[in-house]
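*Asks:* just the structure for this:
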Amino acid sequence: METEIGNGEVNLGNGKDQHDVHLLVIRLSAMGDVAMTVPVLSALLQQHPYVRITVLTKGFLRPLFEGLPRLVVKEVDVKGKHKGVLGLWKLYKELKDLDIDLVADLHNVLRSNVLKAYFGLGSTPFVQIDKGRAEKKALTSLKKKKFLPLKTTHQRYADVFEALGFPLSLENLSLLSSRTIALDTQKVLKGVDKPWIGIAPFAAFEGKMYPLELMEEVVAGLNETDNYQILLFGGGEKEKLALESWESKYRNCINMVGKIPFKEELSLISNLQLMIAMDSGNAHLAAMFGVPTLTIWGVTHPYAGFYPFAQKGNTIVADREQFPLIPTSVYGNKFPPGYENAMKTIAPSSILKKAFEILENQPSIPR
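*Replies:* Coordinates of the predicted model:
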């Protein structure tokens with residue numbers, strides 16, 4: 001079995017042609033990383049209509065892909081039946097039964113490398129993402145920093161498909177459409193018909209999270225206009241308490257944490273007028289629907305290539321004159337002493353100003 005690379009014509013050598021190609025896409029990681037695949041897969045399906053896709057990912061992320069034609073999700077259970085080398089062998093046999101022609105590994109970690117070895121037994125073409133680890137190390141270095149914009153993660157995903165014979169343009173895509181809000185969710189929203197602004201104030205690491213007392217000033221500023229309903233997303237039980245205090249204090253604020261299923265959160269996000277988020281998963285959830293998304297950056301930086309899809313100008317970053325070592329890490333988990341205060345250089349007024357600029361440049365979404 002062979003693949004002609006880079007010309008959009010795939011010779012599978014098994015009686016199939018480019019009008020019938022089954023592609024396995026592997027991305028097992030965090031929600032934001034998986035959400036970033038959605039615009040790229042949308043481009044692939046739009047530009048190569050003979051391709052059908054099976055996405056190998058965690059089961060709870062299945063709702064991310066609703067609305068994409070010719071795509072199904074294969075759930076992986078890395079803590080159960082697919083755990084370890086033997087579990088991955090079971091997974092490989094399940095995938096083999098799906099008659100996979102080509103494999104695009106958008107993760108490139110130990111698990112997917114084991115699968116690569118198994119697929120190699122059947123000579124299935126298997127292309128892995130180049131994560132640009134050396135470039136990212138140079139960008140985040142504290143001593144020999146090379147502060148240059150790197151290739152976006154979306155483009156790195158697209159490069160994998162091009163290597164398999166499917167060149168992609170990531171310009172002028174039709175992204176996921178807004179979704180219908182379920183009746184139970186509408187009850188939680190209390191019948192409010194103002195345009196919705198989402199705020200997702202949390203992140204996995206402290207270095208990526210805007211101080212809550214400053215974010216509350218942003219909430220207060222939006223609330224004061226009385227023109228928008230503010231929907232609060234993200235976080236566990238501890239974070240939920242903070243958001244509940246905002247809900248009780250500001251009349252136009254509703255905390256959504258723990259009130260609706262993930263699938264319904266996506267429906268709400270798809271209908272937002274604006275999302276304000278950290279360098280985190282919620283930003284990517286909004287962007288995959290084409291929702292204007294304003295991201296706030298601390299010790300990470302958009303130059304690493306993780307800004308939300310088609311939202312390059314909608315970013316506010318910490319002051320690098322005061323904190324010149326930014327970015328100190330790709331994930332926000334490493335920073336020198338004092339750099340936990342980097343986000344305090346971003347004034348709530350600057351976030352509000354940028355948010356209002358974005359809102360003024362788009363029509364309201366009808367309810």
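
*Asks:* doesn't residue 277 belong to a strand?
*Replies:* Yes - counting by DSSP: H, G, I helix; E, B strand; the rest coil, residue 277 is located in a strand.

*Asks:* hey, where'd the strands end up in this structure?
*Replies:* Secondary structure of the chain by DSSP state E: the strands cover 21-26, 51-58, 71-76, 102-105, 126-128, 196-200, 229-232, 253-255, 274-278, 293-297, 315-317.

*Asks:* number of residues surrounding residue 309?
*Replies:* Residues near residue 309, counting by other C-beta atoms under 10 Å, number 25. Quick note: C-beta positions are derived from backbone N, CA and C, even for glycine.

*Asks:* so it makes contact with residue 36?
*Replies:* Yes - using C-beta atoms under 8 Å, residue 309 is in contact with residue 36, at 6.9 Å.

*Asks:* between the two, which contacts overlap?
*Replies:* Residues touching both residue 309 and residue 36 (C-beta atoms under 8 Å, 6 or more residues apart in numbering): 154, 284, 288.

*Asks:* dump those residues to a markdown table, plus pLDDT, distance to residue 102 and neighbour count.
*Replies:* What follows is the shared contacts of residue 309 and residue 36, written out as a markdown table (pLDDT from 0 to 100; distance: C-beta to C-beta, whole Å; neighbours: other C-beta atoms under 10 Å):
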| residue | pLDDT | distance to residue 102 | neighbour count |
| --- | --- | --- | --- |
| 154 | 98 | 20 | 24 |
| 284 | 98 | 25 | 31 |
| 288 | 97 | 23 | 28 |
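
*Asks:* hmm, back to that, make a markdown table from the strands of the chain and add distance to residue 175 to it.
*Replies:* What follows is the strands of the chain, written out as a markdown table (distance: least, C-beta to C-beta, whole Å):
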| stretch | distance to residue 175 |
| --- | --- |
| strand 21-26 | 18 |
| strand 51-58 | 16 |
| strand 71-76 | 14 |
| strand 102-105 | 20 |
| strand 126-128 | 25 |
| strand 196-200 | 16 |
| strand 229-232 | 20 |
| strand 253-255 | 25 |
| strand 274-278 | 14 |
| strand 293-297 | 12 |
| strand 315-317 | 19 |
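
*Asks:* turn those strands into CSV, including mean pLDDT.
*Replies:* Shown next, in CSV, are the strands of the chain (pLDDT from 0 to 100):
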stretch, mean pLDDT
strand 21-26, 98
strand 51-58, 97
strand 71-76, 98
strand 102-105, 98
strand 126-128, 97
strand 196-200, 97
strand 229-232, 97
strand 253-255, 95
strand 274-278, 98
strand 293-297, 98
strand 315-317, 98
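
*Asks:* how many neighbours does the closest residue to residue 29 other than its chain neighbours have?
*Replies:* Distance criterion C-beta to C-beta, 6 or more residues apart in numbering; nearest residue to residue 29, sequence neighbours excluded, is residue 107 at 6.0 Å. Here the count is done by other C-beta under 10 Å, and residue 107 has 23 residues near it.

*Asks:* these two touch, right, residue 107 and residue 129?
*Replies:* Yes - the pair residue 107 and residue 129 passes the contact test of C-beta under 8 Å, sitting 7.1 Å apart.
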